[in-house]
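Participant: Provided below for reference: sequence and predicted model.
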Amino acid sequence: MSPSGRPGPEPVEGRWMAIPQPTAFEPAGGVWRPERVRVIAASRGLRREAERLEAELRACGIAAAADVSDPVIRLRLSPLATRDPADESFTIDVADDVVVTAPSAAGVFRATRQLLHNLRAQGAVPQGVVHSAPAVTERGLHLDAGRKHYPAEWIRAQLHAAADIGVNVFQWHFSENPGFRLESAAFPEIVSAERISRAEAADIVATARDLHVDLVPSLDMPGHLQHVLTAHPELRLPETPGLATDHALDITREDPVRFALALIDDMIPVFPHSTRWNLGGDEFVDFDRMADFPALATAAAERYGAQATGFDLLTAFVNRVAVHLRERGFEARAWNDGLLRSASERLDPEIVLTWWTNWNAGMRPVADAVAAGHRLVNVNDALFYYVLGENAGYRYPTAERIWEAAWHPGLFPALWGPDGQGTVRQELALPYPALLLGASFAVWSDRPEAQTPAEVAAGIRGPLRAMAERSWNAGSALSLEDFAALDVAIGEATPLEEERRHA
């Protein structure tokens, strides 16, 4: 029987059933399956984790302790000298009692998810000692909530599902060509009818913080601004016959650039705890025809000389926005496709590159970014782009394809090869360089009507869990069949009413 009293699978001694799998497990034989338990926070900073875990255990059918002889789960921080709020590693010692030790509250939270996975999967926790530490510091989920409106409660539910499997970054993309879906105080004219209010955003921010998920705002510019520029056509890049410019900010003039910076400043108060910001920089214009935009060609030549191109202007814009963000306490991030391609303007090496593709021969290789000192997040579009309607030739990601590729955080999208295809392997091998921050899954809502929010949640579950497993462990010791069985056995975490009230 499971702790809830319902029939469940018999626990397997020595089989640790959790995603992601721990770095090491030393089984001791036997299982931990109490009817009642007491959760003790050994320090004030872990009281929230103890309260949360007590409520979650009750939902699993394990009651609060009735007397001092009942089993104990003790949550404690490692010695003061080794504490680090960014360190998510942990140790779990399971005997008659359970002791969780970590350098941070986030590490304690990750560890308690492991206990809950075992309880959900097999009704008990194998006795022994677990040691675990992530291979990369970031395991992310990006959500395009600009093309499609996702209700605030749905977004919060996805934060719970992501945090349950060790995802610790949520990139909220709230502006796109078809819509701007976050309430604006300074520019209400740009906001879509279906949008997230400031009050709803505050709840989302609070939920992310409570779940130890870093929230990264994503406001794409100078491209992907069609909806915004419909309200401000005077800020668009001048029309060029046969080429699209209705989505592109005119970066050759000061007023449009100042507007972009003011829009960022209007959004900053929504994210009081965030320290990272994705400014975009991608798909500004048709990069293969950069020289065919007269406004860009003229301005580049005037500013830098005859050798310069629109890529220099784009790089200068990205650099300026990065400085603006840095002055406000944010680390700047940008997509890779249009960058590292300038002749005169050097890309600020402090900008983190979210590396999504090398589908075009003009896009620079990962090696160039490493040589220039850029930190990287791997958003491999061939495996992790969940594009609604499978637009632009994408296929919905699957755990099977992720396993077949033997993906790990150092395996980037293939580089354009001499055969005219993306066939040249791009890989950073273990031990990973410090420049590799991590990896991310990405939901893009290209055809918003193709799936309901519920269908999106169901569709991303398996491949997101596959990314989480293989990001934490730099690959996986599990076979695909074992992973799939584990995914089913663990099931889903249901946000508790207590957690809804807390957020």
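Facilitator: Arrived safely.
Participant: could you use CA atoms for every contact and neighbour count after this?
Facilitator: Noted.
Participant: now the one helix or strand Arg110 maps to: mean pLDDT?
Facilitator: Of the helices and strands defined by DSSP states H and E, Arg110 is found in helix 105-122. Across helix 105-122, pLDDT averages out at 98.
Participant: contact partners of stretch 412-424?
Facilitator: The list of residues contacting stretch 412-424 from outside it, by Cα atoms under 8 Å, 6 or more residues apart in numbering, reads 355-361, 365-366, 378-382, 425-427.
Participant: contacting residues around the nearest residue to Ile251 once chain neighbours are set aside?
Facilitator: In this structure, Ile251 finds its nearest non-sequential neighbour in Val257, 6.1 Å apart by Cα to Cα, 6 or more residues apart in numbering. For Val257, the contacting residues are 249-251, 317, taking Cα under 8 Å, 6+ apart as the criterion.
Participant: any chance of the residues you listed in JSON lines, with secondary structure too?
Facilitator: Converted to JSON lines, the contacts of Val257 look like this (DSSP: H, G, I helix; E, B strand; the rest coil):
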{"residue": "Leu249", "secondary structure": "strand"}
{"residue": "Asp250", "secondary structure": "coil"}
{"residue": "Ile251", "secondary structure": "coil"}
{"residue": "Phe317", "secondary structure": "helix"}
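Participant: between these, identify the one with the most neighbours.
Facilitator: Of all the contacts of Val257, the highest neighbour tally under other Cα atoms under 10 Å goes to Leu249, namely 29 neighbours.
Participant: state the distance from it to Leu411.
Facilitator: Noted for Leu249: a distance of 33 Å to Leu411, by Cα to Cα, to the nearest Å.
Participant: for Arg195, same thing?
Facilitator: Separation of Arg195 from Leu411 (Cα to Cα) stands at 36 Å.
Participant: in the protein, where's the longest helix?
Facilitator: helix 453-472 (DSSP state H).
Participant: which helices and strands sit right next to it?
Facilitator: Other elements packing on helix 453-472 under the criterion 3 or more Cα pairs under 8 Å, 6 or more residues apart in numbering; DSSP states H and E are strand 138-144, helix 399-404, strand 436-444, helix 480-490.
Participant: need those in a markdown table with mean neighbour count, distance to Arg156 and mean pLDDT, can you?
Facilitator: Rendered in a markdown table, the data for the helices and strands packed on helix 453-472 read as follows (neighbours: other Cα atoms under 10 Å; distance: least, Cα to Cα, whole Å; pLDDT from 0 to 100):
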| stretch | mean neighbour count | distance to Arg156 | mean pLDDT |
| --- | --- | --- | --- |
| strand 138-144 | 25 | 12 | 99 |
| helix 399-404 | 18 | 24 | 99 |
| strand 436-444 | 24 | 15 | 99 |
| helix 480-490 | 16 | 20 | 98 |
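Participant: of Arg195 and Leu411, who's got more company?
Facilitator: Of the pair Arg195 and Leu411, Arg195 is the one with more neighbours under other Cα under 10 Å, namely 23 against 19.
Participant: how near is the more buried one to Arg181?
Facilitator: On the measure of Cα to Cα, Arg195 and Arg181 end up 4 Å apart.
Participant: quick check: neighbours shared by these two?
Facilitator: Any residue near both Arg195 and Arg181 by Cα under 8 Å, 6+ apart counts here, and that gives His149.
Participant: show residues contacting the longest helix of the chain.
Facilitator: Helix 453-472 has contacts (Cα under 8 Å, 6+ apart) with 19-21, 133-136, 139, 150, 154, 158, 165-167, 384, 386, 397-399, 402, 407-409, 438-441, 475-476, 483, 487.
Participant: just the buried subset of these, please.
Facilitator: Buried residues within these, counting neighbours by 16 or more other Cα atoms under 10 Å: 19-21, 133-136, 139, 150, 158, 165-167, 384, 386, 397-399, 402, 407-409, 438-441, 475-476, 483, 487.
Participant: just send the helices and strands packed on helix 453-472 back as JSON lines, with distance to Phe25 too.
Facilitator: As requested, the helices and strands packed on helix 453-472 are arranged in JSON lines below (distance: least, Cα to Cα, whole Å):
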{"stretch": "strand 138-144", "distance to Phe25": "22"}
{"stretch": "helix 399-404", "distance to Phe25": "23"}
{"stretch": "strand 436-444", "distance to Phe25": "24"}
{"stretch": "helix 480-490", "distance to Phe25": "16"}
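Participant: closest to Arg15 out of the contacts of Val257?
Facilitator: Phe317 (52.9 Å; Cα to Cα).
Participant: which one of the helices and strands packed on helix 453-472 lies closest to Gln127?
Facilitator: Ranking those by proximity to Gln127 (Cα to Cα) places helix 480-490 first, at 18.2 Å.
Participant: between the closest one and helix 105-122, how many degrees?
Facilitator: 90 degrees (axes from the mean of the first three to the mean of the last three Cα atoms, to 10 degrees).
Participant: quick one: low-confidence parts of this protein?
Facilitator: Applying pLDDT under 70 to the chain flags the ranges 1-13, 81, 497-503.
Participant: try it again at 50.
Facilitator: Scanning the chain with the threshold set as pLDDT under 50 gives 1-8.
Participant: show me it divided up by domain.
Facilitator: In the assignment given by automatic domain parsing, the structural domains of the chain cover 24-133, 138-472.
Participant: of those domains, which is nearest Gly14?
Facilitator: Of all those, it is domain 24-133 that lies closest to Gly14, at 4.9 Å by Cα to Cα.
Participant: in stretch 293-311, what counts as buried?
Facilitator: Along stretch 293-311, these residues count as buried under the neighbour rule (16+ other Cα under 10 Å): 293, 295-301, 308-311.
Participant: which other residues reach stretch 376-392?
Facilitator: By Cα under 8 Å, 6+ apart, the residues outside stretch 376-392 that reach it are 138, 352-357, 394-398, 401-402, 409-413, 435-448, 450-451, 460, 463.
Participant: so how far does it reach from one end to the other?
Facilitator: End-to-end distance for stretch 376-392, by Cα to Cα: 25 Å.
Participant: apart from its chain neighbours, what residue comes closest to Phe483?
Facilitator: The shortest distance from Phe483 to any residue other than its chain neighbours is 7.9 Å, reached at Ala466 (Cα to Cα, 6+ apart).
Participant: now swap in Arg139 and tell me
Facilitator: Val167 (4.9 Å).
Participant: which residues in the stretch 251-400 of the chain form helices?
Facilitator: For the stretch 251-400 of the chain, helices defined by DSSP state H, counting those that start in this stretch occupy the ranges 254-267, 294-304, 310-327, 366-371, 381-384, 399-404.
Participant: and the second one, what does it pack against?
Facilitator: For helix 294-304, the elements it packs on are helix 310-327, judged by 3+ Cα pairs under 8 Å, 6+ apart.
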